[in-house]
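A.B. asks: need a 3D model of the sequence below.
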Amino acid sequence: MEETIINEFESPELKDPVLIEGFPGLGEVGRIAVQFLVKKLKAKKLAELYSPHFPHYVLVDDNGVARLLSGQFFFWKNEGNGPDIILLTGDSQAQTIDGQYEVTDKIIEFAKSKGVKLAISLGGYRAESEGSPEVIAISSSPSILELAYKAGAKASPEGNPVVGMAGLLVGLAKFKGIDALCILAKTKGYLPDPEASKRSLRVLINLLKLQVDLSDLDQEIEKVKEIMEKLKMLNERKDRFIESLKRSEKERMTYIS
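C.D. replies: As a prediction, the model looks like this:
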């Protein structure tokens, strides 16, 4: 394989489709959000993306069957007045700068061929201060940005870099005549963060006027909180142990002298 390819499984007629992308990244925010939507909307597989820019290993399932890393497109047909949706997630982002550009460009070209006029990327951002906004938005379109603010997002700090596919999608889509929006939820980033995913999804469903119940994420949120509490206890235990060693060493040195 010399370049990124996309294999289609179906060719549905879609009504004003919106692309929603969430690949692995900080706190796994985007991927968790999109995987949740795929499951909740019962979206159907549309296509798969393969690229030589993904990491050079295969994934093995419970039956010992191996597969290449990939991106997966799904589609959902809206029975109401709103737009249909194309959902995109995957196993990994491209590992090089050139790869990030090529994969993102292939995604945009595919989306355009399906009639997409609005692409939305979801992800996480690490904030320096506690008072930072819970969800921020950036866009290539001022009018789309205003809609995101009305849906609950806040303005991004000036000069804030958005790396990876989430940012490139916004930067490159406009060259293909597609408006793009990036929704980023604040996260600590060192563990999967379904709570941040829920915050980003809340903005998204307000923006697109989707009827999606987010309460199913609460169980995952509680699991992560339990893990964080256990990590906190382990760190406290480690600190107490180190402090006791220091005291013992100090007492030993005092006795020797």
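A.B. asks: going along the chain, name the strands of the chain.
C.D. replies: For the chain, the strands defined by DSSP state E cover 5-8, 18-21, 44-50, 58-60, 66-68, 71-76, 85-90, 118-125, 135-139, 154-155, 179-186.
A.B. asks: what lines up beside the third one in the sheet?
C.D. replies: The strands beside strand 44-50 in its sheet (DSSP bridges) come out as strand 5-8 (antiparallel), strand 71-76 (antiparallel).
A.B. asks: give me the buried positions along that strand.
C.D. replies: Neighbour-count burial for strand 44-50, counted by 16 or more other Cβ atoms under 10 Å, picks out 46-50. Bear in mind the C-beta positions are built from the backbone N, C-alpha and C, glycine included.
A.B. asks: I'd like those as JSON lines, with pLDDT and distance to Leu207 appended.
C.D. replies: Output for these, formatted as JSON lines (pLDDT from 0 to 100; distance: Cβ to Cβ, whole Å):
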{"residue": "Leu46", "pLDDT": "98", "distance to Leu207": "22"}
{"residue": "Ala47", "pLDDT": "97", "distance to Leu207": "25"}
{"residue": "Glu48", "pLDDT": "97", "distance to Leu207": "27"}
{"residue": "Leu49", "pLDDT": "98", "distance to Leu207": "25"}
{"residue": "Tyr50", "pLDDT": "97", "distance to Leu207": "31"}
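A.B. asks: quick one: contacts for the residue nearest to Lys209 when sequence neighbours are not counted?
C.D. replies: Excluding its sequence neighbours, the residue lying closest to Lys209 (Cβ to Cβ, 6 or more residues apart in numbering) is Gly82, at 5.7 Å. Going by Cβ atoms under 8 Å, 6 or more residues apart in numbering, Gly82 touches 208-210.
A.B. asks: turn those residues into a markdown table, columns for neighbour count and pLDDT.
C.D. replies: Below are those laid out as a markdown table (neighbours: other Cβ atoms under 10 Å; pLDDT from 0 to 100):
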| residue | neighbour count | pLDDT |
| --- | --- | --- |
| Leu208 | 18 | 95 |
| Lys209 | 12 | 93 |
| Leu210 | 18 | 93 |
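A.B. asks: ranges for the helices of the chain?
C.D. replies: Here the chain has its helices, by DSSP state H, at 29-41, 97-113, 142-150, 164-173, 194-208, 218-256.
A.B. asks: out of those, nearest to Leu181?
C.D. replies: Leu181 lies closest to helix 142-150 among those, at 5.2 Å (Cβ to Cβ).
A.B. asks: that closest one packs against which elements?
C.D. replies: strand 135-139, strand 179-186, helix 194-208 (3 or more Cβ pairs under 8 Å, 6 or more residues apart in numbering; DSSP states H and E).
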